[in-house]
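For reference, the sequence and a predicted model appear below.
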Amino acid sequence: MKLTTPLTEEMVAQLRAGDKVTITGTIYVARDAAHKRMVAALDAGEPLPFDPRGQIIYYMGPAPAKPGEPIGSAGPTTSGRMDPYAPRLMEVGLKGMIGKGNRSKAVREAMQKYKAVYLAAIGGAGALIAKSIKKAEVVAYEDLGAEALRRLEVEEFPAIVVNDIYGGDAYEQGVKQYSRE
Amino acid sequence: MREIHTDQLTETVARLCIESNYYLGEDVVAALRASREREVSPVGREVLDQILENAEIARERQMPLCQDCGLTVIFLELGQDVHIVGGDLNEALAVGVRRGYQEGYLRKSVVDKPFSARINTKDNTPPVVHLTMVPGDQLKITVAPKGGGSENMSQLAMLKPADGRSGVVQFVVEAVRKAGANPCPPVIVGVGIGGSAEKTMWLAKYALLREVGRPHPDPEVADLEAEILERVNRLGIGPQGFGGLTTALAVHVETFPCHIASLPVAVNLQCHSARHKEAVL
């Protein structure tokens, strides 16, 4: 399925765990330190550096761009570290997250409550994924270096739906299907 | 006494930082290809294809395989007849890391003040250095950048001697199960058995430097490796955790004698981007 951003309720409702998708449009990039600051801002009643409604956050910290390139290697980081922050962002309208690895029960429940999805990109395929990123710019928290908040323009960014809004989990389904214990 | 100048060390470390991050080892590529042939999960096969394609892109475009260019772990095997001249050995290694990560456009992923401010050192220093003295007049340098995602899944257990072989197998298999999709499977499972708490953790890391899939020379240890690999690949986690037969490419075990009261076991997981390059001066 081809997704374009921002995501709508209708698009999100069509997705099922295990679906292969490509994403075209604007996505935002944040990992540990940027999440800490964003949630601190929300807790202080301040606005986020971008309007999160309908948006996707990609959990990633890129390698430096070589001259003439928009970005260096750019694969996903482990999502579980963002679990303490993710429900707060879904509450203010975030519709998608891209990363790798399992999410907590609290995050999976929040996805069903706020109608948001979690997608996985191929971990360790940073050079391959970089080809789908056409533009990258720092939006905020520049002092964090690789952890700064970024905005990307992506074309046909490949991902797999891990958690849908109905409680489906592609990791659980996969293990169930192939376990030989 | 043979003299080796610190400039040579710096230059070598800088080069190995870049090479290890750009070029996936032929042994890893071969293991990935073999698992691609065996894998029955369609998503799993696709993931393995993409991992192999990624390695080709990184090699051709001279860019890091993974944006996480790791904490730089350096193993030094220093011949006892070598005299290091020209300055501080540790400083020479740090300058090599700084230069390699700068010149190679590698991500700087190291923070100081780990439990508080977490300030990026901006040059990926300091490296973690493991120095072993050996006979001879050569210096072997191995640079092994280690990503955070797989390192975070490390486990240490001080088992009871009564737990024995089956206790070891169970602990390692559970460590891989708990790690799930997080350490970027297919993984290489490094296992240390014996020694002290820190020694067994070191062994688990050192085991990852072995050529992928080459069994331990001791048949008893090789047999243990084979059993753990079989058990791990029955978990069904598969490439990137989407289900499949290929959860691990290999299990490497290293052992050391231990105290009569102890049975230390350590697990150090290596993601499929299994990076290490070595040079002998």
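It's in. Predicted, not measured: the structure shown is a model, and the values here were computed from it.

how about the residues of the stretch 51-200 of chain B near chain A?
Residues of the stretch 51-200 of chain B lying near chain A by C-beta under 8 Å from any C-beta of the partner chain: B:51, B:53-54, B:57-58, B:61, B:63-69, B:105-109, B:118, B:120, B:122, B:147-149, B:152, B:180-182, B:184. All C-beta spots, glycine's among them, are computed from the backbone N, C-alpha and C.

how about a cut-off of 7 Å?
Within the stretch 51-200 of chain B, the positions near chain A by C-beta under 7 Å from any C-beta of the partner chain are B:51, B:53-54, B:57-58, B:61, B:63-69, B:105-109, B:120, B:122, B:149, B:152, B:180-182, B:184.

Now a PyMOL select for only the buried ones of those residues.
Selection of the buried residues among these in PyMOL, burial being defined by 16 or more other C-beta atoms under 10 Å in any protein chain shown:
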select buried, chain B and resi 51+54+57+58+63+64+65+66+67+68+69+105+106+107+108+109+120+149+180+181+182+184
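
Among the residues of the stretch 51-200 of chain B next to chain A, which lie within strands?
B:Asn120 (DSSP state E).

Just give me the longest helix of chain A.
helix A:32-43 (DSSP state H).

Checking B:Val265 next. Helix, strand or coil?
strand (DSSP: H, G, I helix; E, B strand; the rest coil).

I'd guessed it sits against B:Gln155; true?
No. Here B:Val265 does not reach B:Gln155: they are 8.3 Å apart, not a contact under C-beta atoms under 7 Å.

Please say which of these two ends up with more neighbours.
Set B:Val265 next to B:Gln155 and count neighbours by other C-beta atoms under 10 Å in any protein chain shown: B:Val265 wins out with 27 against 19.

Now do the contacts for that one.
Residues in contact with B:Val265 (C-beta atoms under 7 Å, 6 or more residues apart in numbering or on different chains) are B:157, B:159, B:168, B:171, B:191-193, B:200.

Mind checking which of those residues land in strands?
Using DSSP E, the contacts of B:Val265 in strands are B:157, B:159, B:191-193.

Could you report the pLDDT at the residue of chain A found nearest chain B?
Residue nearest to chain B within chain A: A:Gly174 (2.3 Å; C-beta to the nearest C-beta). Model confidence at A:Gly174, given as pLDDT, is 96.

Confirm that it sits in a helix.
Yes. Looking at A:Gly174 with three-state DSSP, it is inside a helix.

excluding its backbone neighbours, what's nearest it?
Among residues not flanking A:Gly174 along the chain, B:Gly243 sits closest, at 2.3 Å (C-beta to C-beta, 6 or more residues apart in numbering or on different chains).

Next: B:Ala222.
B:Ala222 sits nearest to B:Pro215 (C-beta to C-beta, 6+ apart), 3.8 Å away.

Can you give me the neighbour number for that neighbour?
B:Pro215, neighbours per other C-beta under 10 Å, totals 16.

Check which helix or strand it maps to.
Using DSSP states H and E, B:Pro215 maps to neither a helix nor a strand.

That one touches B:Leu224, doesn't it?
No. Using C-beta under 7 Å as the test, B:Pro215 is too far from B:Leu224 to be in contact (10.0 Å).

residues of stretch A:173-181 that come out buried?
A:174-175, A:178.

Can you list the helices and strands that the longest helix of chain A packs against?
helix A:86-91 (3 or more C-beta pairs under 7 Å, 6 or more residues apart in numbering or on different chains; DSSP states H and E).

can you dump the C-alpha coordinates of the helix it packs on into CSV?
Taking Å, rounded to 0.1, in the frame of the first residue of the first chain, the C-alpha atoms of helix A:86-91 are listed here in CSV:
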residue,chain,number,x,y,z
ALA,A,86,5.1,7.8,22.8
PRO,A,87,1.6,7.9,24.3
ARG,A,88,1.9,11.6,25.2
LEU,A,89,2.7,12.4,21.5
MET,A,90,-0.2,10.2,20.2
GLU,A,91,-2.4,12.1,22.6
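
Give the other helices and strands that that helix contacts.
Looks like helix A:86-91 contacts helix A:32-43, helix A:105-114 (3+ C-beta pairs under 7 Å, 6+ apart).

most packed of these?
Most buried of the helices and strands packed on helix A:86-91, by mean neighbour count (mean count of other C-beta atoms under 10 Å in any protein chain shown): helix A:32-43, with a mean of 18.

Starting from the next helix or strand after that helix, tell me which strands it pairs with and how they run.
Note on helix A:32-43: by DSSP H and E, the next helix or strand toward the C-terminus is strand A:56-58. In the sheet, strand A:56-58 lines up against strand A:20-29 (parallel), strand A:96-99 (parallel) (DSSP bridges).

so which strand or helix has B:Ala279?
Counting by DSSP H and E, B:Ala279 is found in strand B:277-280.

Any chance you could list what contacts that strand?
B:12, B:16, B:19-20, B:138, B:140-143.

go with 8 Å
Contacts to strand B:277-280, defined as C-beta atoms under 8 Å, 6 or more residues apart in numbering or on different chains, come from residues B:12, B:15-16, B:19-20, B:23, B:25, B:138-143.

between those, which is closest to A:Gly61?
Ranked by distance to A:Gly61 (C-beta to C-beta), the contacts of strand B:277-280 are led by B:Ser20 at 19.1 Å.

re earlier: mind putting the helices and strands packed on helix A:86-91 into a markdown table with mean pLDDT?
Formatted as a markdown table, the helices and strands packed on helix A:86-91 follow (pLDDT from 0 to 100):
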| stretch | mean pLDDT |
| --- | --- |
| helix A:32-43 | 96 |
| helix A:105-114 | 97 |
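
want to try a markdown table for those helices, with distance to B:Val82 as columns?
Shown next, in a markdown table, are the helices and strands packed on helix A:86-91 (distance: least, C-beta to C-beta, whole Å):
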| stretch | distance to B:Val82 |
| --- | --- |
| helix A:32-43 | 41 |
| helix A:105-114 | 53 |
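
So what's the residue count around A:Glu91?
With other C-beta under 10 Å as criterion, A:Glu91 counts 14.

Which pLDDT value belongs to it?
Model confidence at A:Glu91, given as pLDDT, is 97.

these two touch, right, it and A:Met111?
No. The pair A:Glu91 and A:Met111 fails to qualify as a contact (C-beta atoms under 8 Å) at a distance of 11.6 Å.

what about the longest strand in chain A?
Max-length strand for chain A by DSSP E is strand A:149-163.

Stretch B:262-275: end-to-end distance?
32 Å (C-alpha to C-alpha, to the nearest Å).

Neighbours of whichever residue of the stretch 101-250 of chain B sits closest to chain A, how many?
In the stretch 101-250 of chain B, no residue comes nearer to chain A than B:Gly243, which is 2.3 Å away by C-beta to the nearest C-beta. Close neighbours of B:Gly243, defined as other C-beta under 10 Å, add up to 27.

quick one, what contacts it?
So B:Gly243 contacts A:171, A:173-178, B:41, B:43-44, B:236-237 (C-beta under 8 Å, 6+ apart).
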